[in-house]
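# When you get a sec, could you give me coordinates for this:
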Amino acid sequence: MHTKLKTIGVVAAVHLALYWAILGILRASGFQLFTLGSLLGFAPHPRNSPVQEFLFGVAGFLTYPLALLPDLPWIPDHWIIAVMAFLLNSAVWGVCLTFLFYAVRQGFQRHAA
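A predicted model of the protein is given here:
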């Protein structure tokens, strides 16, 4: 059980670090989803590289299951709750991927024996 908790913690930490690293890369590279001018039709939509589009898709994927929650008006006002929600999201990823890893490993051990 101790190794499973350790694996859950490592996977959750990697998930959180990967998510924020991708957001940092997108921010540093000048990624823009839209501009005010493009929304109003005064300017063309921002052009992003395929790498930026891919990273934006990966960042969107990594927000699940948190992204399934409805828009809650209290998240922007209380940053502590937003941080806790991201930590919980990473913990869910850690639990799910760890149990998947151990289930696949146990299945291979049964077939090898």
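
# Scan the chain for its longest helix.
Among the segments of the chain that qualify as a helix by DSSP state H, the longest is helix 79-112.

# what residues does the helix or strand bottoming out on mean pLDDT in the chain touch?
Taking mean pLDDT, DSSP states H and E as the measure, the helices and strands of the chain show their lowest mean at helix 36-40, namely a mean of 78. Where contact means C-beta atoms under 8 Å, 6 or more residues apart in numbering, the residues beyond helix 36-40 that reach it are 43-46. Every residue, glycine included, has its C-beta placed from N, CA and C.

# again, only this time at 10 Å
Taking C-beta atoms under 10 Å, 6 or more residues apart in numbering as the criterion, the residues outside helix 36-40 that touch it are 32, 42-46.

# Closest one to Leu16 out of those residues, please.
Of all the contacts of helix 36-40, Gln32 has the smallest distance to Leu16: 24.5 Å, by C-beta to C-beta.

# out of the contacts of helix 36-40, who has the most neighbours?
Within those, Pro46 tops the neighbour count with 14 neighbours, counted by other C-beta atoms under 10 Å.

# Checking that residue next. Helix, strand or coil?
Under DSSP: H, G, I helix; E, B strand; the rest coil, Pro46 falls in the coil class.

# With adjacent residues omitted, what lies nearest to the residue nearest the centre of the chain?
For the chain, the residue nearest the mean C-alpha position is Leu62 (2.3 Å; C-alpha atoms, centre = their mean). Nearest-residue entry for Leu62: Tyr19, 4.7 Å, with adjacent residues in sequence omitted and distances by C-beta to C-beta, 6 or more residues apart in numbering.
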